[in-house]
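Asks: Quick one, structure for this:
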Amino acid sequence: MATASVFSFKFTPQLQAHLSQLPPSVSLDRLSRLSPERLKSTALPNIGSIELVSSEAFDSVYDSMYVSMFPRREERERSDLIVDRLAAQYAGQREHLATYRIVGIRDDKGEAIGAAQFSVLPLPALEGEAEEGAKFAVPYLQYIYIRPQNRRQDMSEVLHTLVLAVSAADAAKDGRTVPFTLYETEPPGHGADEVSRAYASQRARIHANAGGVALVLRRQSDSSIISAHVQPGLEVGDSPLTLTWVIRPSPDPGREYDVAQIGRSLVAAYYSSLRDEGFPEVNIRLAETIVEKRYDGCEFHLMPLADVKDHVE
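Replies: Okay, here's the model as predicted:
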């Protein structure tokens, strides 16, 4: 069982039971980039509870915030699919599929402060590649959002910490460790107009300040940078979308890792999870084909997010 945490008295019983599966070597507080003393003064006084969100809770408490925070249909998954996935997860009907979780924070009135929605991806050992991937599981963070009045209270750090902790408890069942969180973002300067470009740059700064670094492909012949990210269209007829992969390293990764050795396993796990969730196969295959062409003569590489240009391809 994991050691006690500064967060513990805010956990719902279900979340507490899940985190009891953490290996004894994992300290939840060490998974945070901020000290317990700071979080005691910034985040915790404003938190009523921290929970693993059920399908019913998402539908009634969190969904309206989720929709308002991601107003563009092409970047927001349908809420009914999220509800169905959560219901199947809690009913034990997702065997052999990536575990799907939502960590949510509520205030003392039971209203939503924010949430993080993610899948825990077990990395495969790819044929002809190093088998390092099979040692790891990586949380793929699809959405994270916090209501405006609770920003600048370190709520995002609480959510990021719990994403790592919940994922580590899931991964430990198969003897895997969690080296980092994976998510995507618009590269600095991305957008069709000045407002959208400024917004993308602001988001990139926020991710960088939170410890995020870009995961890209670097061409070995000339060191040019290419994006390793291609998101399939979420609905039939939608076009693929190239953004930038970001990893947020865990302060306590459990074992050493090399992104150059596990990068392809990571991308393969991402597309496998999209297939498992029933996204259009024609869209997934198109995105995979684009990425596979980019692999030629390239290796995975980490670089500061601020140095990524729009577009990295």
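
Asks: can you give me the strands in the stretch 51-200 of the chain?
Replies: For the stretch 51-200 of the chain, applying DSSP state E, counting those that start in this stretch gives strands covering 99-106, 112-122, 137-146, 180-185.

Asks: The ones you listed: which one's closest to C298?
Replies: C298 lies closest to strand 180-185 among the strands of the stretch 51-200 of the chain, at 18.3 Å (C-beta to C-beta). Any C-beta I mention is one placed from the backbone N, CA and C, and that applies to glycine too.

Asks: neighbours around the residue nearest to S221 when sequence neighbours are not counted, how many?
Replies: Nearest residue to S221 in three dimensions, chain neighbours excluded: G297, at 6.0 Å (C-beta to C-beta, 6 or more residues apart in numbering). As a burial measure, G297 scores 12 neighbours (other C-beta atoms under 10 Å).

Asks: next SSE after the lowest-mean-pLDDT helix or strand in the chain?
Replies: In the chain, the helix or strand scored least confidently by mean pLDDT, DSSP states H and E is helix 194-209, which has a mean of 75. Counting by DSSP states H and E, the next helix or strand C-terminal to helix 194-209 is strand 213-219.

Asks: ok, residues contacting the least confident helix or strand of the chain?
Replies: The contact list for helix 194-209 (C-beta atoms under 8 Å, 6 or more residues apart in numbering) reads 185-191, 246, 248, 304-306, 308, 310.

Asks: Please repeat the previous calculation with a cut-off of 10 Å.
Replies: 156, 183, 185-191, 193, 212-214, 243-244, 246, 248, 304-308, 310 (C-beta atoms under 10 Å, 6 or more residues apart in numbering).

Asks: now swap in stretch 58-71 and tell me
Replies: 51, 53-54, 57, 73, 76-77, 79-80, 82-83, 85-87, 102, 104-106, 110-115, 117, 142-148.

Asks: Can you point out the buried residues in that stretch?
Replies: F58, D59, V61, Y62, D63, M65, Y66, M69 (16 or more other C-beta atoms under 10 Å).

Asks: what's the pLDDT at the first one?
Replies: Going back to what we said before, that points to F58. Confidence at F58, expressed as pLDDT, is 98.

Asks: quick revisit: give me the ChimeraX select line for the contacts of helix 194-209, limited to the buried ones.
Replies: Remark: buried members of these, expressed as a ChimeraX selection using 16+ other C-beta under 10 Å:
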select :156,183,185,186,187,188,190,191,212,213,214,243,244,246,248,305,308,310
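
Asks: close enough to count as contact, S156 and Y183?
Replies: No. Assessed by C-beta atoms under 10 Å, S156 is found out of contact with Y183, at 11.9 Å.

Asks: Need the residues touching each of these two.
Replies: Taking C-beta under 10 Å, 6+ apart as the criterion, S156 and Y183 both touch A116, I144, H207.

Asks: Name the nearest residue to D84, ignoring sequence neighbours.
Replies: S55 (7.5 Å).

Asks: so where's the protein shaky on pLDDT?
Replies: 1-3, 127-133, 191, 310-313 (pLDDT under 70).

Asks: picking that back up, selection in ChimeraX covering whichever of the shared contacts of S156 and Y183 are buried, please.
Replies: Selecting only the buried entries of the shared contacts of S156 and Y183 in ChimeraX, with 16+ other C-beta under 10 Å as the criterion:
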select :116,144,207
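
Asks: and of the shared contacts of S156 and Y183, the nearest to G237?
Replies: Once C-beta to C-beta is applied, the member of those that ends up nearest G237 is I144, at 27.8 Å.

Asks: if we can go back for a sec, with I225 as the reference, name the closest of the strands of the stretch 51-200 of the chain.
Replies: Closest among those, using C-beta to C-beta: strand 180-185, at 15.5 Å.

Asks: counting contacts, what elements does that closest one pack onto?
Replies: Strand 180-185 sits against strand 112-122, strand 137-146, helix 155-172, helix 194-209, strand 213-219, strand 244-249, helix 259-276, with contacts defined as 3 or more C-beta pairs under 10 Å, 6 or more residues apart in numbering; DSSP states H and E.

Asks: Can you name the element that comes right after the fifth one?
Replies: Downstream of strand 213-219, the first helix or strand assigned by DSSP H and E is strand 225-227.

Asks: I'd like to know which of the contacts of stretch 58-71 are buried.
Replies: Among the contacts of stretch 58-71, the ones that count as buried by 16+ other C-beta under 10 Å are 51, 53-54, 57, 76-77, 82-83, 85-86, 102, 104-106, 112-115, 117, 142-147.

Asks: how close does the nearest residue to N150 once chain neighbours are set aside sit to T42?
Replies: Of all residues not flanking N150 in the chain, I113 sits nearest, at 4.9 Å (C-beta to C-beta, 6+ apart). Plainly put, I113 is 13 Å away from T42 if you go by C-beta to C-beta, to the nearest Å.
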